[in-house]
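Novice: Have a look at this prediction, sequence included:
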Amino acid sequence: QVQLIESGGGLVQAGRSLRLSCAASGRTFSSYTMGWFRQAPGKEREFVAAIRRSTGTTYYADSVKGRFTISRDNAKNTVYLQMNSLKPEDTAVYYCTAVQGYWGRSPYGYDYWGQGTQVTVSS
């Protein structure tokens, strides 16, 4: 069982940056693929980024590639999402997620989810 707690959301102007953090419980954090999804009002949950458990290989949605960076610190049981050059369309609730044995962009492939943190980007 893994518990995930996101932090770092807030209100920011377009063009600025935010860093989200996700703290995970448990002693096997390094064995999980970690991901970030987001959901805007009236829209489906959307894949943002993922990072492999072992190699640290990363995978991004086209909409954030070059602006967002996912990273992890296995010693701190934490995954990060650095978001630069934010746009109003990045406004959403951002969710941290974890899974073992899956590598992809479908939300149905992930087993554990945090409660989410709101990111609002003003124009």
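Specialist: Received it, and whenever you're ready, just let me know what you need.
Novice: From here on, just use CA atoms for contacts and neighbour counts.
Specialist: Fine.
Novice: Not counting sequence-adjacent ones, nearest residue to the most centrally placed residue in the chain?
Specialist: Nearest residue to the geometric centre of the chain (C-alpha atoms, centre = their mean): residue 36, 2.3 Å. Counting by C-alpha to C-alpha, 6 or more residues apart in numbering, residue 36 lies nearest to residue 96, which is 4.7 Å off, once chain neighbours are set aside.
Novice: now do residue 22
Specialist: Once flanking residues are discounted, residue 22 sits nearest to residue 6: 4.3 Å by C-alpha to C-alpha, 6+ apart.
Novice: Residue 19 is in contact with the one you found, correct?
Specialist: No. If you go by C-alpha atoms under 8 Å, residue 6 and residue 19 don't touch, sitting 10.6 Å apart.
Novice: Give me the phi and psi for residue 108.
Specialist: Main-chain torsions, residue 108, degrees, to the nearest 10: phi -70, psi -10.
Novice: Sorry, slip of the keys, the one I care about is residue 88.
Specialist: According to degrees, to the nearest 10, residue 88 has phi -60, psi -30.
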